[in-house]
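A.B. asks: Take a look and give me a structure for this.
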Amino acid sequence: MEKVLVAGATGATGQKVINLLKNSNTYQPVAMVRNPGQKTQFESEGIKTVEGDLAKDVSHTTEGIDKVIFAAGSKGKDLHNVDQEGAKRLIDAAKKHRVQKFVMLSAMGVQHPEQHPELKDYLQAKQNADQYLDISGLTFSIVRPGALTDDEGIGRVKLQEQLNEQGQIPRWDVAHTLVQSLQTDAAKNQAFEVLTGETPIAEAVQEFQVLS
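C.D. replies: Down below sits the predicted model:
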(Lines give C-alpha, C1' and ligand atoms only; values in the text may rest on other atoms or scores of the structure.)
Protein backbone atom coordinates (compact mmCIF):
# COMPACT_ATOMS: atom_id res chain seq x y z
CA MET A 1 0.00 0.00 0.00
CA GLU A 2 1.40 3.37 -1.01
CA LYS A 3 1.08 6.11 1.59
CA VAL A 4 -0.53 9.22 0.12
CA LEU A 5 -0.36 12.52 1.98
CA VAL A 6 -3.44 14.66 1.34
CA ALA A 7 -2.98 18.38 1.93
CA GLY A 8 -6.38 20.00 2.32
CA ALA A 9 -7.83 16.81 3.79
CA THR A 10 -10.50 18.70 5.75
CA GLY A 11 -11.74 20.59 2.68
CA ALA A 12 -14.73 19.68 0.53
CA THR A 13 -12.66 18.04 -2.22
CA GLY A 14 -9.94 16.73 0.10
CA GLN A 15 -12.43 14.77 2.19
CA LYS A 16 -13.63 13.02 -0.95
CA VAL A 17 -10.05 12.20 -1.90
CA ILE A 18 -9.50 10.71 1.56
CA ASN A 19 -12.60 8.52 1.22
CA LEU A 20 -11.52 7.24 -2.18
CA LEU A 21 -8.04 6.42 -0.92
CA LYS A 22 -9.42 4.73 2.20
CA ASN A 23 -11.50 2.38 0.05
CA SER A 24 -8.65 1.70 -2.36
CA ASN A 25 -6.65 -1.51 -2.55
CA THR A 26 -3.58 0.44 -3.62
CA TYR A 27 -3.30 3.50 -1.39
CA GLN A 28 -3.28 4.36 2.30
CA PRO A 29 -4.33 7.97 3.00
CA VAL A 30 -2.50 10.21 5.45
CA ALA A 31 -4.51 13.32 6.27
CA MET A 32 -2.53 16.52 6.82
CA VAL A 33 -4.22 18.63 9.51
CA ARG A 34 -3.39 22.04 10.96
CA ASN A 35 -4.24 21.37 14.60
CA PRO A 36 -4.70 18.40 16.95
CA GLY A 37 -8.45 18.93 17.16
CA GLN A 38 -8.83 17.96 13.51
CA LYS A 39 -7.25 14.54 14.04
CA THR A 40 -10.27 12.96 15.69
CA GLN A 41 -12.52 12.83 12.64
CA PHE A 42 -9.90 10.91 10.70
CA GLU A 43 -8.41 8.70 13.38
CA SER A 44 -11.89 7.51 14.41
CA GLU A 45 -12.08 5.99 10.92
CA GLY A 46 -8.61 4.46 11.15
CA ILE A 47 -7.02 7.12 8.93
CA LYS A 48 -3.53 8.25 9.86
CA THR A 49 -2.81 11.95 10.27
CA VAL A 50 0.16 14.28 10.36
CA GLU A 51 0.14 17.82 11.73
CA GLY A 52 1.30 20.50 9.34
CA ASP A 53 0.45 24.13 8.67
CA LEU A 54 1.11 25.17 5.07
CA ALA A 55 1.84 28.70 6.26
CA LYS A 56 4.77 27.34 8.29
CA ASP A 57 7.42 24.62 8.08
CA VAL A 58 6.00 21.40 6.62
CA SER A 59 9.30 19.66 5.86
CA HIS A 60 8.44 16.83 8.28
CA THR A 61 5.08 15.97 6.74
CA THR A 62 6.37 13.94 3.79
CA GLU A 63 8.67 11.63 5.74
CA GLY A 64 7.70 8.05 4.89
CA ILE A 65 5.23 9.27 2.26
CA ASP A 66 5.13 7.71 -1.23
CA LYS A 67 2.91 10.22 -3.05
CA VAL A 68 1.18 13.55 -2.41
CA ILE A 69 -2.12 15.13 -3.42
CA PHE A 70 -2.26 18.89 -2.90
CA ALA A 71 -5.93 19.85 -2.60
CA ALA A 72 -5.51 22.69 -0.14
CA GLY A 73 -6.65 26.28 -0.43
CA SER A 74 -7.25 29.32 1.74
CA LYS A 75 -10.57 30.25 0.08
CA GLY A 76 -9.08 33.62 -0.74
CA LYS A 77 -8.02 34.40 2.83
CA ASP A 78 -4.27 33.89 2.41
CA LEU A 79 -3.53 33.24 -1.25
CA HIS A 80 0.15 34.11 -1.06
CA ASN A 81 1.07 32.18 2.06
CA VAL A 82 -1.11 29.08 1.59
CA ASP A 83 -2.17 28.60 -2.03
CA GLN A 84 1.20 29.71 -3.44
CA GLU A 85 4.00 29.52 -0.87
CA GLY A 86 2.33 26.68 1.05
CA ALA A 87 2.30 24.61 -2.10
CA LYS A 88 5.96 25.44 -2.68
CA ARG A 89 6.84 24.40 0.88
CA LEU A 90 5.17 21.04 0.38
CA ILE A 91 6.87 20.57 -2.97
CA ASP A 92 10.23 21.19 -1.28
CA ALA A 93 9.32 18.68 1.44
CA ALA A 94 8.37 16.13 -1.22
CA LYS A 95 11.74 16.63 -2.91
CA LYS A 96 13.55 16.26 0.40
CA HIS A 97 11.96 12.88 1.07
CA ARG A 98 12.01 11.70 -2.55
CA VAL A 99 8.27 11.40 -2.97
CA GLN A 100 7.42 9.35 -6.08
CA LYS A 101 4.70 11.62 -7.44
CA PHE A 102 3.05 14.95 -6.61
CA VAL A 103 -0.50 15.56 -7.86
CA MET A 104 -1.57 19.21 -7.79
CA LEU A 105 -5.17 20.42 -7.78
CA SER A 106 -5.04 23.63 -9.79
CA ALA A 107 -7.74 25.44 -11.78
CA MET A 108 -8.76 26.30 -15.32
CA GLY A 109 -7.61 29.78 -16.26
CA VAL A 110 -4.20 29.70 -14.58
CA GLN A 111 -2.43 30.19 -17.90
CA HIS A 112 -4.05 33.62 -18.32
CA PRO A 113 -5.07 35.11 -14.95
CA GLU A 114 -5.51 38.54 -16.53
CA GLN A 115 -8.49 37.23 -18.51
CA HIS A 116 -10.41 36.57 -15.28
CA PRO A 117 -10.32 39.84 -13.27
CA GLU A 118 -12.50 38.53 -10.44
CA LEU A 119 -10.17 35.56 -9.91
CA LYS A 120 -6.89 37.12 -11.01
CA ASP A 121 -5.07 36.96 -7.66
CA TYR A 122 -6.19 33.37 -7.03
CA LEU A 123 -5.22 32.20 -10.49
CA GLN A 124 -1.86 33.97 -10.30
CA ALA A 125 -1.08 32.21 -7.02
CA LYS A 126 -2.03 28.86 -8.54
CA GLN A 127 0.01 29.59 -11.66
CA ASN A 128 3.09 30.33 -9.56
CA ALA A 129 2.63 27.09 -7.61
CA ASP A 130 2.14 25.08 -10.82
CA GLN A 131 5.28 26.56 -12.38
CA TYR A 132 7.28 25.77 -9.24
CA LEU A 133 6.14 22.13 -9.42
CA ASP A 134 6.92 21.98 -13.14
CA ILE A 135 10.60 22.82 -12.58
CA SER A 136 10.97 20.96 -9.27
CA GLY A 137 12.33 17.75 -10.70
CA LEU A 138 9.50 15.77 -9.10
CA THR A 139 7.27 13.48 -11.13
CA PHE A 140 3.92 15.26 -11.19
CA SER A 141 0.44 15.71 -12.63
CA ILE A 142 -1.42 19.04 -12.52
CA VAL A 143 -5.22 18.78 -12.63
CA ARG A 144 -7.09 21.93 -13.68
CA PRO A 145 -10.87 21.56 -13.28
CA GLY A 146 -13.57 24.00 -14.26
CA ALA A 147 -16.03 25.39 -11.72
CA LEU A 148 -16.52 22.91 -8.87
CA THR A 149 -20.03 21.84 -7.90
CA ASP A 150 -21.44 19.68 -5.10
CA ASP A 151 -23.52 17.66 -7.55
CA GLU A 152 -23.31 13.89 -7.48
CA GLY A 153 -20.37 12.64 -9.51
CA ILE A 154 -21.06 10.79 -12.74
CA GLY A 155 -17.61 9.28 -13.21
CA ARG A 156 -17.22 10.67 -16.73
CA VAL A 157 -15.10 13.58 -17.90
CA LYS A 158 -13.40 15.20 -20.83
CA LEU A 159 -9.83 16.33 -20.43
CA GLN A 160 -7.19 17.90 -22.60
CA GLU A 161 -4.18 20.12 -22.14
CA GLN A 162 -6.56 22.99 -22.98
CA LEU A 163 -10.28 22.52 -23.48
CA ASN A 164 -10.92 26.08 -24.74
CA GLU A 165 -14.32 26.19 -23.08
CA GLN A 166 -15.87 26.99 -19.73
CA GLY A 167 -17.85 24.51 -17.67
CA GLN A 168 -18.42 22.68 -14.42
CA ILE A 169 -17.47 19.42 -12.77
CA PRO A 170 -18.59 17.77 -9.51
CA ARG A 171 -16.04 17.62 -6.71
CA TRP A 172 -16.44 13.85 -6.62
CA ASP A 173 -15.26 13.57 -10.21
CA VAL A 174 -12.33 15.89 -9.49
CA ALA A 175 -11.39 13.71 -6.51
CA HIS A 176 -11.54 10.61 -8.74
CA THR A 177 -9.35 12.33 -11.31
CA LEU A 178 -6.77 13.27 -8.68
CA VAL A 179 -6.62 9.69 -7.40
CA GLN A 180 -6.32 8.26 -10.91
CA SER A 181 -3.47 10.68 -11.54
CA LEU A 182 -1.50 9.13 -8.67
CA GLN A 183 -0.42 6.31 -10.96
CA THR A 184 3.21 7.03 -11.66
CA ASP A 185 2.88 6.93 -15.46
CA ALA A 186 -0.57 8.56 -15.67
CA ALA A 187 -0.32 12.04 -17.22
CA LYS A 188 3.32 11.98 -16.17
CA ASN A 189 4.77 15.48 -15.89
CA GLN A 190 1.68 16.89 -17.60
CA ALA A 191 -0.99 19.47 -16.82
CA PHE A 192 -4.53 19.10 -18.11
CA GLU A 193 -7.96 20.72 -17.87
CA VAL A 194 -10.99 18.65 -16.97
CA LEU A 195 -14.76 19.11 -17.18
CA THR A 196 -17.78 16.85 -17.04
CA GLY A 197 -17.85 14.73 -20.18
CA GLU A 198 -18.54 11.29 -21.62
CA THR A 199 -15.31 9.34 -21.03
CA PRO A 200 -14.83 7.20 -17.89
CA ILE A 201 -12.28 8.92 -15.65
CA ALA A 202 -9.69 6.14 -15.59
CA GLU A 203 -9.84 5.84 -19.38
CA ALA A 204 -9.61 9.61 -19.87
CA VAL A 205 -6.50 9.89 -17.70
CA GLN A 206 -4.82 6.95 -19.44
CA GLU A 207 -5.71 8.27 -22.89
CA PHE A 208 -4.21 11.63 -22.02
CA GLN A 209 -1.01 9.87 -21.08
CA VAL A 210 -0.91 8.17 -24.49
CA LEU A 211 -1.76 11.29 -26.48
CA SER A 212 0.43 13.78 -24.63
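A.B. asks: can we go C-alpha only for contacts and neighbour counts from here?
C.D. replies: Fine.
A.B. asks: Bridge partners for the closest residue to Ile201 other than its chain neighbours, pull those for me.
C.D. replies: Distances taken as CA to CA, 6 or more residues apart in numbering place Arg156 nearest to Ile201, at 5.3 Å, with adjacent residues excluded. According to DSSP bridges, the residues that bridge with Arg156 are Pro200.
A.B. asks: what's near enough to touch the residue nearest the centre of the chain?
C.D. replies: Computing the C-alpha centroid of the chain and ranking residues by CA atoms, centre = their mean puts Leu105 first, at 3.2 Å. Residues in contact with Leu105 (CA atoms under 8 Å, 6 or more residues apart in numbering) are Ile69, Phe70, Ala71, Ala72, Ile142, Val143, Arg144, Leu178.
A.B. asks: Outside of stretch 189-200 itself, list whatever touches it.
C.D. replies: Residues from elsewhere that reach stretch 189-200, judged by CA under 8 Å, 6+ apart: 107-108, 134, 139-146, 155-163, 167-170, 173, 212.
A.B. asks: got the end-to-end distance for it?
C.D. replies: 21 Å (CA to CA, to the nearest Å).
A.B. asks: returning to what we had before: who wins for neighbours among the contacts of Leu105?
C.D. replies: Neighbour counts for the contacts of Leu105 peak at Ile69, which has 28 neighbours (criterion: other CA atoms under 10 Å).
A.B. asks: Could you report the separation of it from Glu198?
C.D. replies: 25 Å.
A.B. asks: circling back to that earlier point, and which of the contacts of Leu105 is nearest to Leu90?
C.D. replies: Of all the contacts of Leu105, Leu90 sits closest to Phe70, with 8.4 Å by CA to CA.
A.B. asks: The closest one: what's it in contact with?
C.D. replies: Contact analysis of Phe70 by CA under 8 Å, 6+ apart lists Val6, Ala7, Gly8, Ala87, Phe102, Val103, Met104, Leu105.
A.B. asks: Which helix runs longest in this structure?
C.D. replies: For the chain, the helix that runs over the most residues, judged by DSSP state H, is helix 120-134.
A.B. asks: Report all helices and strands that that helix contacts.
C.D. replies: Helix 120-134 sits against helix 85-96, strand 140-145, with contacts defined as 3 or more CA pairs under 8 Å, 6 or more residues apart in numbering; DSSP states H and E.
A.B. asks: Okay, now the sheet partners of the helix or strand following the shortest one, with direction.
C.D. replies: Moving toward the C-terminus from strand 140-145, the next helix or strand (DSSP states H and E) is strand 147-149. With DSSP bridges as the test, strand 147-149 is paired with strand 168-170 (parallel).
A.B. asks: Pull out the buried positions in the partner strand.
C.D. replies: Using 16 or more other CA atoms under 10 Å as the test for burial, strand 168-170 gives Ile169, Pro170.
A.B. asks: can you list the residues that contact that strand?
C.D. replies: Strand 168-170 is contacted by residues Pro145, Gly146, Ala147, Leu148, Thr149, Asp150, Asp151, Glu152, Gly153, Val194, Leu195, Thr196 when judged by CA under 8 Å, 6+ apart.
A.B. asks: gap between that strand and the chain center?
C.D. replies: With CA atoms, centre = their mean, to the nearest Å as the basis, strand 168-170 stands 15 Å off its chain's centre.
A.B. asks: would JSON lines of the contacts of Phe70 with pLDDT be doable?
C.D. replies: Shown next, in JSON lines, are the contacts of Phe70 (pLDDT from 0 to 100):
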{"residue": "Val6", "pLDDT": "98"}
{"residue": "Ala7", "pLDDT": "98"}
{"residue": "Gly8", "pLDDT": "97"}
{"residue": "Ala87", "pLDDT": "98"}
{"residue": "Phe102", "pLDDT": "98"}
{"residue": "Val103", "pLDDT": "98"}
{"residue": "Met104", "pLDDT": "98"}
{"residue": "Leu105", "pLDDT": "98"}
